[in-house]
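Using only what follows, build the 3D model:
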Amino acid sequence: MQLPPIIYGTAWKQEATKELVIQAVHAGFRAIDTACQKRHYHEAGVGEALKALAKEGIQRDALFIQTKFTPIGGQDIETVPYDPKADLSTQVKQSFEMSQKNLGTDYVNSLILHSPLGTYEDTIDVWEAMQQLHHDRKALQLGISNIYDLNTLKRLYEDAIIKPSYVQNRFYAESDYDKELRAWCLSKEITYQSFWTLTANPHLLASEEVMGLAKTYRKTPVQIMYRYISQIGATPLDGTTDPTHMKEDLESFDFSMSESEVDSITNILE
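Now for the predicted structure:
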């Protein structure tokens with residue numbers, strides 16, 4: 001299944017996760033992002049939603065499900081979904097088994113390494129364990145998140161047998177909007193998934209350029225922003241909890257801006 005143009009993000013939704021995922025799918029979302037990390041995600045809530053949706057006739061193969069292996073540094077020690085004393089390969093295996101249980105599915109469309117580990121050697125060890133899950137058809141595609149050093153990403157790409165299909169990063173000024181990294185990803189046909197797209201960029205949403213385009217296309221600034229992200233070759237994560245906004249955000253892709261209009265937003269990032 002090809003990645004849809006927008007992903008519903010489930011971070012920080014906790015016990016509301018099930019109902020929000022159901023609402024998002026009812027609105028039209030077909031990609032769901034989660035993680036096997038109780039600190040920020042209620043992965044089992046996504047699984048509960050999938051079960052309920054299946055009863056309505058929306059089957060698993062109609063949805064793009066993406067989860068993550070989170071290294072020990074990103075876990076709360078009392079809720080680690082694997083044996084923290086085990087070797088990294090075992091940690092990945094145990095984490096994925098927990099994801100299978102939580103989600104009620106044998107496979108995921110995408111498995112993301114939540115962040116590089118402390119050393120490159122540990123990072124590649126984890127990647128190799130993820131590759132095994134890919135070979136076993138349990139993770140159809142692989143990716144990595146929170147990677148802002150292009151040289152590390154290039155090294156991983158060269159060393160990996162199964163190349164990353166996705167990079168999921170914050171889209172914000174502190175990383176210079178990953179301009180160089182995004183260009184490299186495009187050259188390697190790696191899809192860049194953006195998060196914090198709205199939260200980190202109120203100045204873009206309120207800019208003269210975005211506001212003007214919103215008026216021209218009779219869209220909201222958020223819709224202009226999501227369409228911009230799409231037209232520069234990326235896929236945004238959307239974590240809204242508002243049913244109206246869910247529908248509006250999905251309507252971000254029923255129009256196209258001209259190259260010069262896209263450039264007018266890009267120029268704000270310079």
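
Next secondary structure after the one helix or strand residue 18 maps to?
Element membership for residue 18, per DSSP states H and E: helix 17-27. Once the chain leaves helix 17-27, the next helix or strand it forms, by DSSP H and E, is strand 31-33.

neighbouring contacts of that following strand?
Residues outside strand 31-33 that contact it (Cβ atoms under 8 Å, 6 or more residues apart in numbering) are 3-4, 6-11, 21, 24-25, 46, 63-67, 168, 193, 237. All C-beta atoms are positioned from the backbone trio N, CA, C, and that covers glycine.

what mean pLDDT does that strand have?
Averaging pLDDT along strand 31-33 yields 99.

what's the answer for stretch 160-173, then?
Computed over stretch 160-173, the average pLDDT equals 98.

buried ones in it?
Neighbour counts over stretch 160-173 (16 or more other Cβ atoms under 10 Å) mark 160, 162, 164-172 as buried.

cool, stretch 183-198 as well?
Under the neighbour-count criterion of 16+ other Cβ under 10 Å, stretch 183-198 has 184-185, 190-195, 197-198 buried.

Out of those, list just those in strands.
Cross-referencing the buried residues of stretch 183-198 against strands under DSSP state E gives 191-195.

Which two among the buried residues of stretch 160-173 are spaced furthest apart?
The largest separation in these, counting by Cβ to Cβ, is between 162 and 172 at 28.6 Å.

Pairing partners for the helix or strand hosting residue 143, with directions?
Secondary structure from DSSP H and E places residue 143 in strand 142-145. With DSSP bridges as the test, strand 142-145 is paired with strand 110-113 (parallel), strand 166-170 (parallel).

Just give me the neighbour total for residue 146.
Neighbours of residue 146 under the rule other Cβ atoms under 10 Å: 16.

where does the nearest residue to it once chain neighbours are set aside fall, helix, sheet strand or coil?
Among residues not flanking residue 146 along the chain, residue 115 sits closest, at 4.0 Å (Cβ to Cβ, 6 or more residues apart in numbering). Here residue 115 is coil, with the state taken from DSSP: H, G, I helix; E, B strand; the rest coil.

does residue 115 really touch residue 149, like I thought?
No - assessed by Cβ atoms under 8 Å, residue 115 is found out of contact with residue 149, at 11.5 Å.

Neighbour count: those two, which is higher?
residue 115 (16 against 11).

per-residue pLDDT, that one?
pLDDT recorded at residue 115 is 98.

give the contact list for it.
Residues in contact with residue 115 (Cβ under 8 Å, 6+ apart) are 70-71, 73-74, 144-147.

Export those residues as TSV, with columns for distance to residue 50 and pLDDT.
Compiled in TSV, the contacts of residue 115 are given as follows (distance: Cβ to Cβ, whole Å; pLDDT from 0 to 100):
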residue	distance to residue 50	pLDDT
70	20	98
71	26	98
73	29	96
74	24	97
144	24	99
145	22	98
146	26	98
147	28	98
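
Let me see the mean pLDDT of the host helix or strand of residue 52.
Using DSSP H and E, residue 52 sits within helix 43-56. Averaging the model's pLDDT scores along helix 43-56 yields 98.

orientation of that helix relative to helix 17-27 in degrees?
Interaxial angle, helix 43-56 versus helix 17-27 (axes from the mean of the first three to the mean of the last three Cα atoms, to 10 degrees): 40 degrees.

Pull out the buried positions in helix 43-56.
Applying 16+ other Cβ under 10 Å to helix 43-56 flags 43-50, 53 as buried.

Residue 179 contacts residue 232, correct?
No - counting by Cβ under 8 Å, residue 179 does not reach residue 232; the two are 9.9 Å apart.

between the two, which one's more packed in?
Neighbours per residue (other Cβ under 10 Å) separate residue 179 from residue 232, with residue 232 holding more: 19 against 13.

hang on, isn't residue 257 packed against residue 214?
No - using Cβ under 8 Å, residue 257 makes no contact with residue 214, being 11.0 Å away.

which residues do those two both contact?
residue 224.

now the strand or helix carrying residue 121, how far from the centre of its chain.
Assignment of secondary structure by DSSP H and E places residue 121 within helix 120-135. Averaging C-alpha positions (Cα atoms, centre = their mean, to the nearest Å) puts helix 120-135 19 Å from its chain's average.
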